[in-house]
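> My questions are about this predicted structure, shown below with the sequence.
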Amino acid sequence: MAQEGVSQPKPLIMINGKPMIDRLLDVFMDCGAQSIVVIINNEVEATKSHLAALQKKYPLEVVIKTTAGSMESFYNLKPFLEGEKFCLTTVDTIFHEEEFKAYIRTFQDAPEDGYMAVTDYIDDEKPLYLSVDDSMTITGYHNQPDSRTKYISGGIYCLTPSCLDTLERCMNQGLLRMRQFQQALVEEGMLLKAFPFSKILDVDHAEDIAKAETFLQTSFQVLGVQRGSEYSPNKESNDARIFRLVKERLEEKGAAVQVLSEQQLQESELFAPFVFSMARREESLKVFDKLEQQGAFVLNSSSGIRNCGRREMAEKLKGAGIPLPESLLMETGCSLKDSSEVSYPCWIKKGDGYAQTKEDVCFVNNDNEAEKVFADLRKRKISSALLYEHLEGDLIKFYGVGTEFFYWYYPSLHESKFGLEAINGKAKGYAFDEKELMDHCAKASSSLQLLVFGGDAVISPEGEIRIIDFNDWPSFGPCQDEAAKAIAQLIMDKMNGNDK
């Protein structure tokens, strides 16, 4: 870099107005570092003076020694690292802080010998490739890419003291490079996990300074996951539009958004600290489980989405004291004619999952109609059904985003998903307490762990409110523009750490 006209020693190169070494120290302290030790060579007085000044601000030890290679530098830090887990990095690694925080959180409670930062972004002159298995356990390091190597080493290592014995043996063998140490860890059977970063940059050339500044000035990538078409019956265009609007509002606020389909999500190993998703497939929810365990914020959470299955929702809403219609869970193999608990008219909804076809939610007037519905459910290998009493009154739809946005309307005056809204007929405008409706919805969303939600309620002629359905991330009907702004703001608040 000196040959390319950069006058500062590398640790003091300014990135967005802050020396690289200062930035790293701040990031480490923000992640709860109890102590920090830095090794520098004995050749640059400016670096030594700068670090001496920083010792007044940070719990910082400075080792001054010129070494023959990166592994020897690491070895000289060994006396400081023998008691606890530690994170090791070179001074010129540039990454998004939110990803790093998730990385540290994951490692803190992990039983493995080490977690290695990796990336599929390759902008390194001599990258060290690695292979992993399905659980992201590192199976090998490679100097050349092949069909096994999706990632490269990011130059950041979270390790336990158990790895220091391998370091000692490497030094005794006269090895000098960190890549040799990493290879030795795998060869000796150490359990190492790969933690994917979207991008890690190294500042090795003068032109890399501008790249690093631009990268850090860009808000971290937010991951958006689209809904599988089977979960958007007669609503594909509306679901696609609310998703697109949220993406656009986020981008207007400076966020970089990457969009994946549910299938792409399941094939990806991407980590993102902020995710907004309309996905419902169980395979997708398992990916979200993993992301949430790594510290990601997922909107809506995987547990919230699972809670919207018919059976789970009915149990949780009843337990939370939400006013509901009378309901009965039955196995579809039962005979309705033998049950004294069933009264008509009523609604029959498949017991598990979401309504994906018109036949998943049926209105019946008698045993014969109900038996036909049960026969169809059995034919489709659906083992249980929920029977709800039919409520006379005004049907209303409602939507919410956290505690900042709420909207309701009469669906009889707008579009219909399966045409079932016609059963209750045209709304008569019965008076009711809107605040009471909002309170019920707030309690229901909290019980189900949903921040983005929608549902249906029936208002009796006397103004009594009963919730008849509640679900995650609806299409938001006539209020898509306003809802998209609220959803994007909720995500940005989470990103900026000022969520309520």
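Looks like it came in fine.

> Return the distance of the most centrally placed residue in the chain relative to residue 449.
When C-alpha atoms, centre = their mean is applied to the chain, the residue found nearest the centroid is residue 298 (3.6 Å). The gap separating residue 298 from residue 449 is 11 Å, by C-beta to C-beta, to the nearest Å. Yep, even glycine has a C-beta here, placed from its N, CA and C like the rest.

> Would you mind listing the buried residues in stretch 131-139?
Of the residues in stretch 131-139, those with enough neighbours to count as buried (16 or more other C-beta atoms under 10 Å) are 131, 132, 136, 138.

> Residue 183 reaches residue 138, doesn't it?
No. At 10.2 Å, residue 183 does not count as touching residue 138 under the criterion of C-beta atoms under 8 Å.

> what's across from residue 130 in the sheet?
In this structure, residue 130 bridges to residue 141, residue 151 when assessed by DSSP bridges.

> any idea how far it lies from residue 347?
For residue 130 relative to residue 347 (C-beta to C-beta), the value is 54 Å.

> what do you get for residue 334?
Counting by C-beta to C-beta - residue 334 and residue 347 are separated by 17 Å.

> what do you get for residue 262?
Going from residue 262 to residue 347 by C-beta to C-beta gives 29 Å.

> do the same with residue 309
Using C-beta to C-beta, which is the criterion applied here, residue 309 is 17 Å from residue 347.

> Also residue 398?
Taking C-beta to C-beta as the measure, residue 398 and residue 347 are separated by 18 Å.

> that's a helix at the residue nearest to the centre of the chain, yeah?
No. Residue 298: not assigned to a helix; according to DSSP: H, G, I helix; E, B strand; the rest coil it is strand.

> Now do the contacts for it.
Shown here is residue 298, whose contacts under the criterion C-beta atoms under 8 Å, 6 or more residues apart in numbering are 275, 276, 277, 288, 291, 292.

> three-state assignment of the fourth one?
Same thing as residue 288. Here residue 288 is recorded as helix under three-state DSSP.

> Skipping adjacent residues, who's closest to it in space?
Sequence neighbours aside, residue 302 is the residue nearest to residue 288 in space, at 3.9 Å (criterion: C-beta to C-beta, 6 or more residues apart in numbering).

> can I assume the one you found is in contact with residue 292?
Yes. Under the criterion of C-beta under 8 Å, residue 302 lies in contact with residue 292, with a separation of 6.5 Å.

> So which of those two has more stuff around it?
Ranked by neighbour count (other C-beta atoms under 10 Å), residue 302 and residue 292 place residue 302 first, with 21 against 15.

> what about residue 206, how many neighbours?
Residue 206, neighbours per other C-beta under 10 Å, totals 14.

> how much space is there between it and residue 6?
Plainly put, residue 206 is 5 Å away from residue 6 if you go by C-beta to C-beta.

> Give me the three-state assignment for residue 406.
From three-state DSSP, the assignment for residue 406 is strand.

> quick one: contacts for it?
The neighbourhood of residue 406, defined by C-beta under 8 Å, 6+ apart, consists of 398, 399, 400, 438, 441.

> For the third one, pull up the helix or strand it's in.
Using DSSP states H and E, residue 400 maps to strand 394-401.

> Direction included, what does that strand pair against?
In the sheet containing strand 394-401, the strands it pairs with under DSSP bridges are strand 405-409 (antiparallel), strand 452-459 (antiparallel).

> coming back round to it: tell me which of residue 309 and residue 347 has more neighbours.
Per other C-beta under 10 Å, whichever of residue 309 and residue 347 has more neighbours is residue 347, with 22 against 16.

> so the more buried one touches residue 365, yeah?
No. Under the contact definition of C-beta under 8 Å, residue 347 does not touch residue 365, with a separation of 11.1 Å.

> quick one: stretch 440-458 to chain centroid distance?
If you compare the mean C-alpha spot of stretch 440-458 with that of the full chain, they lie 21 Å apart, counting by C-alpha atoms, centre = their mean, to the nearest Å.

> Mind listing what's buried along it?
Applying a neighbour-count criterion of 16+ other C-beta under 10 Å, the buried positions in stretch 440-458 are 440-441, 444-445, 447-458.

> One more: stretch 376-389?
Neighbour-count burial for stretch 376-389, counted by 16+ other C-beta under 10 Å, picks out 376, 377, 382, 384, 385, 386, 387, 388, 389.

> cool, and stretch 291-308?
Quick answer for stretch 291-308 (16+ other C-beta under 10 Å): 291, 294-308.

> before we move on, what about stretch 490-500?
Applying a neighbour-count criterion of 16+ other C-beta under 10 Å, the buried positions in stretch 490-500 are 490, 491, 492, 494, 495.

> ok, the second one touching residue 299?
Spelled out, that is residue 491. Yes. The pair formed by residue 491 and residue 299 meets the contact definition of C-beta under 8 Å, at 6.4 Å.

> list the residues that contact both of these two?
Common neighbours of residue 491 and residue 299 are listed as residue 276 (criterion: C-beta under 8 Å, 6+ apart).

> Residue ranges in the stretch 351-500 of the chain under the pLDDT threshold?
Low-confidence regions of the stretch 351-500 of the chain, defined by pLDDT under 70, span residues 353-356, 413-422, 498-500.

> now the helices for it?
Listed in chain order, the helices found in the stretch 351-500 of the chain under DSSP state H, counting those that start in this stretch are 367-379, 434-448, 480-496.

> for the stretch 101-250 of the chain, same thing?
Counting by DSSP H, counting those that start in this stretch, the stretch 101-250 of the chain has these helices, from start to end: 164-172, 178-187, 206-217, 236-252.

> Of all these, which one is nearest residue 22?
When the helices of the stretch 101-250 of the chain are ranked by distance to residue 22, counting by C-beta to C-beta, first place goes to helix 206-217 at 13.5 Å.

> Can you show me the CA trace of that closest one as PDB?
Output of helix 206-217 as PDB, limited to C-alpha atoms (Å, rounded to 0.1, in the frame of the first residue of the first chain):
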ATOM      1  CA  ALA A 206      -5.200   1.700  -2.000                       C
ATOM      2  CA  GLU A 207      -8.300   1.200  -4.000                       C
ATOM      3  CA  ASP A 208      -9.700  -1.100  -1.300                       C
ATOM      4  CA  ILE A 209     -10.100   1.900   1.000                       C
ATOM      5  CA  ALA A 210     -12.900   3.400  -1.100                       C
ATOM      6  CA  LYS A 211     -14.500   0.000  -1.500                       C
ATOM      7  CA  ALA A 212     -14.500  -0.500   2.300                       C
ATOM      8  CA  GLU A 213     -16.000   2.900   2.900                       C
ATOM      9  CA  THR A 214     -18.800   2.400   0.300                       C
ATOM     10  CA  PHE A 215     -19.500  -1.100   1.700                       C
ATOM     11  CA  LEU A 216     -19.900   0.200   5.300                       C
ATOM     12  CA  GLN A 217     -22.000   3.200   4.300                       C
END
